[in-house]
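Student: Provided below for reference: sequence and predicted model.
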Amino acid sequence: MAALSVASLGTFSTGIGDIGLTAAAGGGDTFANDGQTLFVAANGSGGAIVITVTGVAGAKTYNYAIPKTRSATAGKTTIMGPFPVAVFSGTCSVTYDGVTSLTVAPVSLTNALQSATI
């Protein structure tokens, strides 16, 4: 699994275009999770791709289903998360049922939330 760098989204960001997406790894990816991290996936392929984020085995989920699975529609961008640390730990593992034309990025909202505080 490849370790992805977490992008930071500022308060006055222009949006998804500010995030550098990386090609998804065939064996899956991991990313650091602070509980305020989202996972962005842009599916440029002609078919849907299933994305699965695995949680901690035996974690108390508080009615939060794990693993978290989403079907990324062809030609669309999907956003998953945030991922509670108690359920998904400080490192999230992500797998895909296909990676052709799939680009991804974990994005932290921590800086955006802190700078929005007055």
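Tutor: Ah, there it is.
Student: now do the strands in this structure.
Tutor: Secondary structure of the chain (DSSP state E): strands at 2-4, 7-8, 22-23, 29-32, 37-43, 49-54, 68-72, 77-80, 91-96, 102-108.
Student: in CSV, list those strands along with mean pLDDT and mean neighbour count.
Tutor: All C-beta spots, glycine's among them, are computed from the backbone N, C-alpha and C. Converted to CSV, these look like this (pLDDT from 0 to 100; neighbours: other Cβ atoms under 10 Å):
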stretch, mean pLDDT, mean neighbour count
strand 2-4, 94, 15
strand 7-8, 84, 16
strand 22-23, 96, 14
strand 29-32, 96, 20
strand 37-43, 95, 21
strand 49-54, 96, 19
strand 68-72, 93, 17
strand 77-80, 94, 15
strand 91-96, 96, 19
strand 102-108, 95, 21
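Student: residue closest to the middle of the chain?
Tutor: Geometric centre of the chain, nearest residue: F39, 1.6 Å, by Cα atoms, centre = their mean.
Student: what about G75, how many residues nearby?
Tutor: Residues lying near G75 (other Cβ atoms under 10 Å) number 13.
Student: and it, what does it touch?
Tutor: G75 is in contact with 43-44, 46, counting by Cβ atoms under 8 Å, 6 or more residues apart in numbering.
Student: same question, V56
Tutor: V56 touches 66, 86-89, counting by Cβ under 8 Å, 6+ apart.
Student: which of the residues you listed are buried?
Tutor: The neighbour-count test (16 or more other Cβ atoms under 10 Å) marks 66, 87-88 as buried among the contacts of V56.
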